[in-house]
Each structure stands twice: as C-alpha cells, then as structure tokens.
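Engineer: heads up, no residue letters with this:
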Ligand code: SAM
C-alpha cells in the first residue's frame, strides 16, 4: 500500500472537482518566475472563496494580501463583469505581478490593487466609504500579516453591512494558535482576531481546521448580523 498524504489528496481533489483553468497555473508560474513565496491559498480554498462570493451574491470584495493575485482571481471571476475587487498589497513587486496576472486572465478591469501598508490603505478606504465614494463590501478576505488582523477586522467592519461575509486565512498555523504565551506577533494577532470575532455582537462566526497541500491550518468565517432592534 502506498503512503497517502494530505498533499496527494489535495492534488486529486484539484484535478477531480476544483478544476482550476489554465489562468490559475499561469498566475502561479509568473509568481515563481518572480521568485515570490508560494504562500497563496490552495486551489480548493481559492474556489471556496469564489463560491462564497457567488453564494452570497457578492459584487464588491475587499482583499487584504494580494501576493500574485491567485485568490484575487478566484473572487474576481465570481463577482462577474459588474463586480469589483479592491485588494491591498504592501510589496510593489507583488502588486506588479498581480496586475500582469489579472490583466492576462481578463479580469484586470474589475480589480483595484492598492499598494501600501494595509492599515493605511484600509483607513483611506474607510474615508472614501464615509465620503460616499464606495458602497459597502459584500465579502472581505483577510490574508496579509496576521498581526494586523484585529485592526483590519475593525476597519473592514466600518465598510460592511448586515450580511457581509468575512473570511480570515491561517488561523490555526500547525496548532500554534494554542500558544497563549506566544511572543510571535502573528500568533498573537490570530488569537486576538478569533477572540474579537467570537465576542463581537455584530458578528456570527466560526473557524474550520484544514489539512492539505498547505499543511495543517484553518480559516475563520463570519457574517455581519442585522443590528439588534
Ligand atoms: N491572498 C493571496 C493568495 O492566496 O493568492 C496570498 C497573500 S500572501 C499570504 C500575503 C501577502 O500580504 C503578501 O504578498 C505580502 O506582501 C502582503 N502583506 C504582508 N503584510 C502586509 C501589510 N501590512 N499590508 C499589505 N500587504 C501585506
């Protein structure tokens, strides 16, 4: 009997049910050529994001952490031609590759890549939102530095509406989420992010552990509630 691994099962699921088209391989190829880290979501998770956008009828998506635009492409496809994705990326070189990738995949016109530290970009977006320049976001995907997640959540909530879906990646990190005394800012950020979602009366939230090509990890999923009347 051959040894079976999580990664093998992920590869099988990718071939049999997820079935990403060639554009996604192109995104990954250009990222590799640019020596970018292979820390994009798996194809299965990318498609889950697309399906969540579709199921929730999302037209406006906010992403924090673009990298080469792999997850961006899944969500940009899902919002359709009249939809929009705003994605925040700190590294100009990553944003450049993402721009090439999204243009080549034919969705560039619906993706606004904001280059800069996410906290400042989100503060700017909140200002634009308050000024009436931007409708509420329907789906938010947080996938940059995890230390920033508590702040990103609070800023995203200022641009949300009842029904907005919020997804946070990498909330398990090989179980490191259990380390209450961790000095790692990302682990501290993840723990605070989960606690904030659990305690915030504006949110109904859960978190799901995952295994696969990306190891043992997980994501959180929340929906913004109607305010109590
Ligand atoms: N969501 C992408 C995907 O699945 O295809 C992967 C994003 S990768 C895990 C994280 C990205 O966030 C990197 O490109 C990194 O440069 C960016 N990043 C890290 N810290 C950031 C910050 N403070 N503000 C904006 N972007 C940041």
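Structural biologist: All right, it came through fine. Remember, it's a predicted structure, so these values are computed and weren't measured experimentally. Numbering: from 1, shown residues only.
Engineer: what's the model's confidence in stretch 163-183, averaged?
Structural biologist: Throughout stretch 163-183, pLDDT has a mean value of 98.
Engineer: so how far does it reach from one end to the other?
Structural biologist: Start to finish, the residues bounding stretch 163-183 are 35 Å apart (CA to CA, to the nearest Å).
Engineer: So for it, what gets flagged as buried?
Structural biologist: Neighbour-count burial for stretch 163-183, counted by 16 or more other CB atoms under 10 Å, picks out 164-173, 176-177. Yep, even glycine has a C-beta here, placed from its N, CA and C like the rest.
Engineer: Pull the distance from it to the chain's centre.
Structural biologist: On the basis of CA atoms, centre = their mean, to the nearest Å, stretch 163-183 sits 13 Å off its chain's mean C-alpha point.
Engineer: Now do the strands for this protein: every range, in order, please.
Structural biologist: 60-64, 84-89, 111-115, 139-142, 165-169, 203-212, 215-224 (DSSP state E).
Engineer: Run me through the strand neighbours of the second one, direction for each.
Structural biologist: Each strand that pairs with strand 84-89, with its direction, by DSSP bridges: strand 60-64 (parallel), strand 111-115 (parallel).
Engineer: can you pull up the bridge partners for the residue nearest in space to the middle of the chain?
Structural biologist: Nearest to the mean C-alpha position of the chain, counting by CA atoms, centre = their mean, stands residue 141 at 3.2 Å. In this structure, residue 141 bridges to residue 63, residue 167 when assessed by DSSP bridges.
Engineer: Quick check: it touching residue 64?
Structural biologist: Yes - at 7.1 Å, residue 141 and residue 64 qualify as touching, with contact defined as CB atoms under 8 Å.
Engineer: Name the residues of the longest helix seen in the chain that are buried.
Structural biologist: Assignment by DSSP state H gives helix 185-199 as the longest helix of the chain. Within helix 185-199, the residues that count as buried by 16+ other CB under 10 Å are 186-194, 196-197.
Engineer: Rebuild the residues you listed as JSON lines, extending it with distance to the ligand and pLDDT.
Structural biologist: Shown next, in JSON lines, are the buried residues of helix 185-199 (distance: CB to the nearest ligand atom, whole Å; pLDDT from 0 to 100):
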{"residue": "186", "distance to the ligand": "10", "pLDDT": "98"}
{"residue": "187", "distance to the ligand": "15", "pLDDT": "98"}
{"residue": "188", "distance to the ligand": "15", "pLDDT": "98"}
{"residue": "189", "distance to the ligand": "11", "pLDDT": "98"}
{"residue": "190", "distance to the ligand": "13", "pLDDT": "98"}
{"residue": "191", "distance to the ligand": "18", "pLDDT": "98"}
{"residue": "192", "distance to the ligand": "16", "pLDDT": "98"}
{"residue": "193", "distance to the ligand": "14", "pLDDT": "98"}
{"residue": "194", "distance to the ligand": "18", "pLDDT": "98"}
{"residue": "196", "distance to the ligand": "18", "pLDDT": "98"}
{"residue": "197", "distance to the ligand": "19", "pLDDT": "98"}
